[in-house]
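A.B. asks: got a predicted model here, sequence first, then my questions.
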Amino acid sequence: MAMKDTISNKLQEAFTPESLQVVDESHLHEGHAGHRSGGETHFRVYIVSAAFKGKSRVDRHRMINSALAAELAGSVHALAINAQAPGEG
C-alpha cells in the first residue's frame with residue numbers, strides 16, 4: 001500500500017474526519033535531506049475533525065503524530081499539518 005494511503009487510513013480510523021486531504025510533496029524536496037528515490041518521504045495533511053475541538057495547535061499535532069508514530073519513525077521524513085475543528089478556518 002502506498003504511504004499516502006496508509007496515512008489517510010490511519011487518520012480516518014483515529015479521527016473520523018469531516019474532511020481529509022493527504023498530499024505527497026516528496027517531489028518538491030528532491031536533493032534535500034531526508035529525500036529518498038521513489039519519494040513517499042514528505043507529506044502535507046489537511047484535516048477537519050471534531051476530535052480537535054478545544055485542543056491547542058500543539059495538542060492537535062501531538063495527536064496526529066501519535067496516530068502516525070510508526071510511519072514517522074520509519075520512512076516519513078516530514079509531515080506538515082493543518083488540523084482544524086469543524087467551523088474553524
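C.D. replies: That came in fine, so what should we check first?

A.B. asks: phi and psi next, for the closest residue to residue 19 other than its chain neighbours.
C.D. replies: The shortest distance from residue 19 to any non-neighbouring residue, by Cβ to Cβ, 6 or more residues apart in numbering, is to residue 48 (4.2 Å). Quick note: C-beta positions are derived from backbone N, CA and C, even for glycine. When read as degrees, to the nearest 10, the backbone of residue 48 gives phi -120, psi 120.

A.B. asks: pLDDT of the longest helix anywhere in the chain, averaged?
C.D. replies: Looking across the chain with DSSP state H, the single longest helix is helix 3-15. Averaged over helix 3-15, pLDDT sits at 98.

A.B. asks: helix or strand next in line after it, which one?
C.D. replies: Counting by DSSP states H and E, the next helix or strand C-terminal to helix 3-15 is strand 19-24.

A.B. asks: in that next one, what's buried?
C.D. replies: 20, 22, 24 (16 or more other Cβ atoms under 10 Å).

A.B. asks: remind me what it packs against, helices and strands.
C.D. replies: With contacts taken as 3 or more Cβ pairs under 8 Å, 6 or more residues apart in numbering; DSSP states H and E, strand 19-24 sits against helix 3-15, strand 42-48.

A.B. asks: which elements pack onto the first one?
C.D. replies: Here helix 3-15 is seen to pack against strand 19-24, strand 42-48, helix 57-67, helix 69-73 when contacts are counted using 3+ Cβ pairs under 8 Å, 6+ apart.

A.B. asks: who does the residue nearest to the spatial centre of the chain bridge with?
C.D. replies: When Cα atoms, centre = their mean is applied to the chain, the residue found nearest the centroid is residue 45 (4.1 Å). As for beta bridges, residue 45 partners with residue 22, residue 81 under DSSP bridges.

A.B. asks: so who does it touch?
C.D. replies: 7, 11, 20, 21, 22, 23, 64, 79, 80, 81, 82, 83 (Cβ atoms under 8 Å, 6 or more residues apart in numbering).
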